[in-house]
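> Quick check, what structure comes out for this input:
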Amino acid sequence: MSKPTSDLENQFSAPSPPPFDPTQPAVPISYPIKTLEELESRSYFESFHYPFNKASVALQSASSSLPLPNRPRVIVCHDMVGGYGDDRWVQGGTNSNAYAIWHWYLMDVFIYFSHSLVTLPPPCWTNTAHRHGVKVLGTFITEWDEGKLICNKLLSTKESAQKYAECLTELAVALGFDGWLINMEIELKSSQIPNLKVFVSHLTQTMHSSVPGSLVIWYDSVTTDGKLDWQNQLNEKNKPFFDICDGIFVNYTWKKNYPMLSADVAGDRKYDVYMGIDVFGRGSFGGGQWNTSVALDVLKKDGVSTAIFAPGWIYQTNQPPNFQIAQNHWWALVEKSWGIAQNYPKVLPFYSNFDQGHGYHFSVDGEQVSDGPWCNISSQGFQPFLEYTDNSTPDSIQVHIDFREASYSGGGNITFKGKLEDNAIFTARLFQGDLLLGDLPLHFTYSVKSENNSQLGLCLNFSSALKEIKSVLLVSQNLNQFSRKFNKVIMTRQLEKPGTSPGWVIQESNISMSGYRLTEIHALCYQSEPEFDERRQNSFSEGQDNSCTQNPTDYYAVLGHISIETFGHNSGFPPSDLWLVEGQYINWTTGSKGSKGSKNLSLKITWKLKDGNDYAFRNYNIYVEKLAEDALGHPGATLGVHEYLGVAQVEAFYVSDLEVPSGTSNIKFIIQVSGVGGSSQKLTESPVFLLDTEAW
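Okay, here's the model as predicted:
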C-alpha cells in the first residue's frame with residue numbers, strides 16, 4: 001500500500017545520516033580500509049571498533065607455525081556482494097538465515113575478499129577458521145583508474161613499497177589473521193615492476209618473521225612487463241612473483257592441460273599453485289556451479305592445488321530445496337573429489353555444540369537464555385563431518401543439524417530421526433580426529449534428549465602405532481548385542497546438573513588408551529530394553545510435553561554437545577573479585593515514547609584479570625539485571641530476571657540503547673566466563689559491573 005504524498009515528501013526531505021565516524025562509540029562493526037592515506041596514517045588503530053575486531057582464537061593446529069602440508073590443498077575465497085554483510089556485526093546480528101560456511105574440514109586456507117583496497121577479515125571468520133585449523137588471509141587489491149593512482153604512490157620508491165608492506169603486516173599481526181592475497185588488477189609501467197617485486201617480497205618476509213606459518217599469495221593478473229594479462233597458468237610472465245611469495249592464485253579460465261604445464265614450471269613447489277575455479281562458472285573449466293568437481297578432478301589428477309572462488313553462489317542463487325541441504329550437497333561433491341583436509345580433535349580440551357553460528361534461540365549449559373533470531377559465525381562450534389546422502393528413505397535414520405528444536409548450547413544440535421528395527425543399530429560419522437593419548441584417561445561428557453526407547457551412544461575408534469584398530473562404545477545401558485561388535489563397551493554415568501532444561505540427559509565416562517590415537521567419533525543409535533524404556537519415558541514425560549509420542553519402531557534423539565578433556569583437568573574459573581570490570585563511554589538518552597519515565601543506556605564494558613595472566617577462555621556471555629530501590633533506598637528486587645544481551649569474544653562488549661524503566665536504581669551487568677571445555681561459570685560467581693543510575 002502506497003504512503004500518502006506528504007509522507008513521501010517528508011521522506012525525501014529528511015536529512016541523510018551523518019558519515020561514518022569510526023572514532024565515535026557505536027555498535028561494533030568490521031570494515032575495510034579504502035585509501036593509502038588511511039593505511040599509512042594508522043588511523044584504524046584509533047578507531048572505536050578496532051579492539052572488537054581482534055581475533056580471539058589462535059590457529060588450532062600443532063603445525064600452525066609451519067608451512068602448509070606437502071599435498072594438494074584447497075583455498076576457499078569468500079566473495080559475496082562486496083563483503084561485510086551480516087558478518088560485519090562483530091557482536092552478532094539478528095538474521096537467523098545469515099550465510100555461513102561449516103565444511104572447514106575440506107579446506108586449508110580461507111580468504112576474505114572484497115573490492116576495497118585493504119580487506120580486513122571480520123573476526124568471526126578468523127575465529128571459526130582458526131578453531132578448525134584453517135588459515136585466514138585478507139586481500140590487498142588495486143583496480144581501475146583509482147588503482148593506478150594508488151600504485152603510482154605505492155610503487156614510487158623502494159622505500160614506499162616497503163613502508164606499505166609493513167603497514168599490512170602490522171594489521172595482520174594486530175587483528176590476528178595469517179596473511180594476504182595480493183591482487184594488482186591494473187596496467188602498470190614497466191618501470192614500476194621492480195618496486196612491485198620489492199612490495200611482494202618485503203610483505204612476505206615481514207609476515208613470515210612476524211607470524212610464523214603465515215602466507216602471501218599472488219593473484220594471476222598483472223605480468224612482469226606491466227600488462228594486465230591473465231595467464232591462467234604459471235609461466236615465465238608471472239613466475240617471478242610466485243618465486244618471492246608463498247603461492248599463486250591462478251585465474252579461472254584455464255584449459256585442461258594448463259594445470260600440468262603449471263606443475264612442470266613450479267617444480268617441487270607445484271602444491272603452491274592454486275588453480276582458480278569460479279563457482280558462478282564465469283569461464284571456469286567445467287562450468288563451476290554443480291560441476292565444480294569436474295575441475296577439481298583434473299587438478300587432483302595433475303597434482304596441483306585449487307582456489308575455489310565464491311562458494312556463496314549456493315546462497316546467493318537460492319539453490320533448491322533450501323540452503324542447508326544444497327550447501328551440504330555441494331560440499332559433499334568437493335569431498336568426494338578432493339578428500340578431507342583437516343582432522344579434529346587434535347588437541348584437548350575438545351568441545352563441540354554443533355552450532356553453525358546462527359539460529360532461532362540461544363542456550364547456555366542446557367538452559368535457553370534467548371528466544372530471538374541471531375547470527376554470529378564466531379560462535380560456531382567444531383563442525384561435524386556429517387555425510388550427505390540424497391537417497392535416504394523414511395525407513396532410515398535422517399541425520400541433520402537442527403535449529404528449531406531446543407539446543408543444549410548455542411543454537412544448534414544434531415537430530416537423529418527415522419525408523420529403527422528392534423536390536424538394530426545405526427551409526428553416523430561425527431568427527432575424524434588425530435589425538436594422541438597420554439597416560440591420563442580421557443573424560444567424555446555428552447548431552448542427549450530422546451523419546452520413547454530411543455537411545456544414543458558414542459562409538460570411538462583408536463589406532464596404535466602399529467596400526468592396530470580398537471573400537472570402544474560408550475552407552476547408557478549394557479546390551480548383549482554390543483559385546484560382539486566392539487572391543488570394549490563402557491557404561492556411562494548420568495551426570496546431575498542443576499539448571500539444565502527438562503529432557504536433557506548428560507552422560508559421562510572415562511577412557512584409558514595410553515599411546516593410542518583417537519581417530520574417529522561416531523554416534524550410535526539404538527533402542528533400550530523394555531524395563532529401561534519405562535524409566536526413560538517417565539523421566540522424559542515429567543519434564544516435557546510428549547504429545548508427539550511415536551510408534552515403537554520410531555526413533556528420535558538429539559545430541560546437544562560433546563566435551564573431551566583430560567581426566568582431572570581443572571575447569572575452574574577465577575573468582576569474581578579477581579576481575580577488574582569497568583564501564584566507559586556511558587551515555588543516557590530519552591527513552592521511547594511508550595515507556596513513561598524510561599531512559600536508554602549505551603556504554604562499553606571492559607574486563608580483565610587483575611593478575612595479568614592470560615587464561616584460555618572460549619567466550620563471555622553478557623547479561624543484565626535491573627534493580628529497583630527498596631523502602632530504605634537500597635538496591636532491592638530485580639525488575640524481572642536477568643536478561644541475556646549477547647556474547648563477547650574479546651574482553652569488551654558494547655551495550656547499545658538498553659531500555660531502563662523508571663524506578664531503576666542500579667543496573668548490574670554480568671560477564672559469564674565460558675571455558676574452552678564448554679562449561680560456563682555460575683552467574684552468581686561471575687564478575688559484574690554495577691552502575692548506579694542516580695549518579696548519572
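> Strands of the stretch 401-550 of the chain, start to end?
Per DSSP state E, counting those that start in this stretch, the stretch 401-550 of the chain carries strands over the ranges 413-419, 426-436, 442-450, 454-463, 469-475, 488-491, 493-495, 505-511, 517-527.
> so the fifth one versus strand 517-527, what angle?
If you take axes from the mean of the first three to the mean of the last three Cα atoms, to 10 degrees, strand 469-475 sits at 40 degrees to strand 517-527.
> just how off-centre is strand 469-475 within its chain?
Mean-position distance between strand 469-475 and its chain equals 30 Å (Cα atoms, centre = their mean, to the nearest Å).
> tell me which residues in that strand are buried?
472, 473, 474, 475 (16 or more other Cβ atoms under 10 Å). Every residue, glycine included, has its C-beta placed from N, CA and C.
> Would you point out the most distant pair within those?
Farthest-apart pair in the buried residues of strand 469-475 is 472 and 475; separation 10.4 Å (Cβ to Cβ).
> tell me, what's touching those two both at once?
489, 490 (Cβ atoms under 8 Å, 6 or more residues apart in numbering).
> Give me the distance between residue 248 and residue 305.
10 Å (Cβ to Cβ, to the nearest Å).
> which intervals of the protein have sub-threshold pLDDT?
1-17, 61-64, 391-394, 479, 530-552, 569-570, 592-595, 629-640 (pLDDT under 70).
> what residue lies at the spatial centre of it?
residue 128 (2.7 Å; Cα atoms, centre = their mean).
> Nearest residue to it in space, ignoring adjacent ones along the chain?
Setting aside the residues directly before and after it, residue 128 is nearest to residue 380 in space (Cβ to Cβ, 6 or more residues apart in numbering), at 4.2 Å.
> Tell me, how many residues neighbour the one you found?
Residues lying near residue 380 (other Cβ atoms under 10 Å) number 27.
> dump the residue contacts of it.
Residue 380 sits next to 100, 102, 128, 131, 355, 356, 357 when contact means Cβ under 8 Å, 6+ apart.
> so how many other residues sit close to the last one?
For residue 357, the count of nearby residues is 27 (other Cβ under 10 Å).
> gap between it and residue 105?
Counting by Cβ to Cβ, the gap from residue 357 to residue 105 is 16 Å.
> ok so, going back, between residue 248 and residue 305, which contacts overlap?
272, 273, 274.
> so the second one makes contact with residue 234?
To tie it back to what came earlier, the one meant is residue 273. Yes: between residue 273 and residue 234 a contact is recorded at 5.3 Å, counting by Cβ atoms under 8 Å.
> Can you check which residues contact both of these two?
Counting by Cβ under 8 Å, 6+ apart, the shared contacts of residue 273 and residue 234 are 242, 248, 250, 262, 266.
> Looking at these, which two lie furthest apart in space?
Comparing the members of the shared contacts of residue 273 and residue 234, the greatest separation, given Cβ to Cβ, is between 250 and 266, at 10.6 Å.
> Quickly find the element holding the closest residue in space to residue 694 that isn't next to it in sequence.
Of all residues not flanking residue 694 in the chain, residue 665 sits nearest, at 6.6 Å (Cβ to Cβ, 6+ apart). Element membership for residue 665 (DSSP states H and E) is strand 664-675.
> Give me the helices and strands touching that strand, please.
Where contact means 3 or more Cβ pairs under 8 Å, 6 or more residues apart in numbering; DSSP states H and E, strand 664-675 is packed against strand 579-590, strand 599-609, strand 617-629, strand 635-638, strand 652-660, strand 688-692.
> Between these, which one is closest to residue 118.
Of these, nearest to residue 118 by Cβ to Cβ is strand 652-660, at 23.3 Å.
> Would you mind getting the angle between that closest one and strand 599-609?
Orientation check (the same axes, to 10 degrees): strand 652-660 against strand 599-609 gives 150 degrees.
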